[in-house]
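Undergrad: sequence and computational prediction follow.
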Amino acid sequence: MRGRDIKRYGYEFADQYLIVTHNGYIDNDGIEVQHIDIENYPVIKAYLNESWDIISKRTDKGVTPYNLRNCAYMDDFSKQKIVWARLMRISKKDNNEFPRFAIVDENLLVQDSLCFITGEQLDLLLAVLNSDLGVFYFFTNIVSLDEGGLQMRQQFIEQMPIPQNNSVISSEIISLLDSQKNKNDVLFRNTVNQAVYRLYGFSSDEIVFIEEFNKARFESINIR
């Protein structure tokens with residue numbers, strides 16, 4: 001997956017594939033996964049042999065020059081995950097396209113220009129990240145390269161406060177995500193926003209402050 005493939009609440013698979021000759025790892029269940037034996041893939045071996053002078057001199061190779069170095073979180077790449085671009089631009093034509101977080105299916109890998117989160121309750125977290133509250137947090141906590149781009153590095157996203165789980169509101173949000181096909185619909189976005197505000201316990205005055213702040217920031221982007 002590439003940055004351009006990630007949309008708001010979804011993604012487009014561009015039929016791009018990555019050769020992953022991993023070096024073996026221990027998965028989250030404690031099971032040892034053996035390294036990829038290149039001899040089982042003669043066509044890929046022949047392809048890599050075309051660059052033998054390069055791969056044989058790598059300092060970060062695995063058990064063979066064909067294998068990648070050890071990776072402690074290799075298993076996470078194969079899990080369902082929330083994905084977003086490390087550099088996320090805001091369209092001057094349509095602010096509703098920001099932010100762009102999406103859940104990506106299992107066994108889909110991402111480039112290093114993307115960040116990802118694995119774990120539980122991804123649907124709920126996705127709604128928070130894509131909400132207007134998420135927009136407010138990003139505008140007030142994340143470095144802006146210019147008026148149309150934010151450095152959405154994982155260390156900034158990790159610091160976003162997440163409230164205690166409210167099972168009723170959480171179920172409402174998840175049901176909204178499951179039932180709505182067009183997640184770019186304005187009514188859908190507003191409904192999710194209100195549920196997220198209730199999840200955090202914001203007052204009406206606080207909500208007005210958040211929305212007016214976001215509006216002013218978007219306007220400052222659009223006039224440039």
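TA: Good, I have the coordinates.

Undergrad: when you work out contacts or count neighbours from here on, use the C-alpha atoms and nothing else.
TA: Noted.

Undergrad: wait, isn't residue 72 in contact with residue 24?
TA: No. With contact defined as CA atoms under 8 Å, residue 72 does not count as touching residue 24 (9.8 Å).

Undergrad: who has more neighbours, those two?
TA: The residue with more neighbours, out of residue 72 and residue 24, is residue 24; 22 against 11, by other CA atoms under 10 Å.

Undergrad: pLDDT score for the nearest residue to that one once chain neighbours are set aside?
TA: Spatial nearest neighbour of residue 24, excluding adjacent residues (CA to CA, 6 or more residues apart in numbering): residue 35 at 3.7 Å. At residue 35, the model reports a pLDDT of 90.

Undergrad: neighbours around residue 35, how many?
TA: 17.

Undergrad: tell me who's in contact with it.
TA: The contact partners of residue 35, taken as CA atoms under 8 Å, 6 or more residues apart in numbering, are 21, 22, 23, 24, 25, 67.

Undergrad: now with 7 Å?
TA: 22, 23, 24 (CA atoms under 7 Å, 6 or more residues apart in numbering).

Undergrad: same question for residue 80.
TA: 103, 104, 105, 106, 118.

Undergrad: can you list contacts of whatever helix or strand residue 170 lives in?
TA: Using DSSP states H and E, residue 170 sits within helix 167-179. Helix 167-179 is contacted by residues 123, 124, 192, 195, 199 when judged by CA under 7 Å, 6+ apart.

Undergrad: between these, which has the most around it?
TA: Result: residue 192 is most packed of those (other CA under 10 Å), 23 neighbours.

Undergrad: what is the least confident helix or strand in the protein?
TA: Across the helices and strands of the chain, mean confidence by mean pLDDT, DSSP states H and E is lowest for strand 144-146: a mean of 74.

Undergrad: show me the shaky parts of the chain.
TA: Applying pLDDT under 70 to the chain flags residues 146-147, 222-224.

Undergrad: now residue 84: phi and psi?
TA: phi -150, psi 160 (degrees, to the nearest 10).

Undergrad: name all residues that make contact with it.
TA: So residue 84 contacts 6, 100, 101, 102, 114, 115, 116 (CA under 7 Å, 6+ apart).

Undergrad: once you drop chain neighbours, what's closest to the third one?
TA: This means residue 101. Counting by CA to CA, 6+ apart, residue 101 lies nearest to residue 84, which is 5.0 Å off, once chain neighbours are set aside.

Undergrad: can you check the second one too?
TA: By the measure of CA to CA, 6+ apart, the closest residue to residue 100 outside its immediate chain neighbours is residue 8, 4.1 Å from it.
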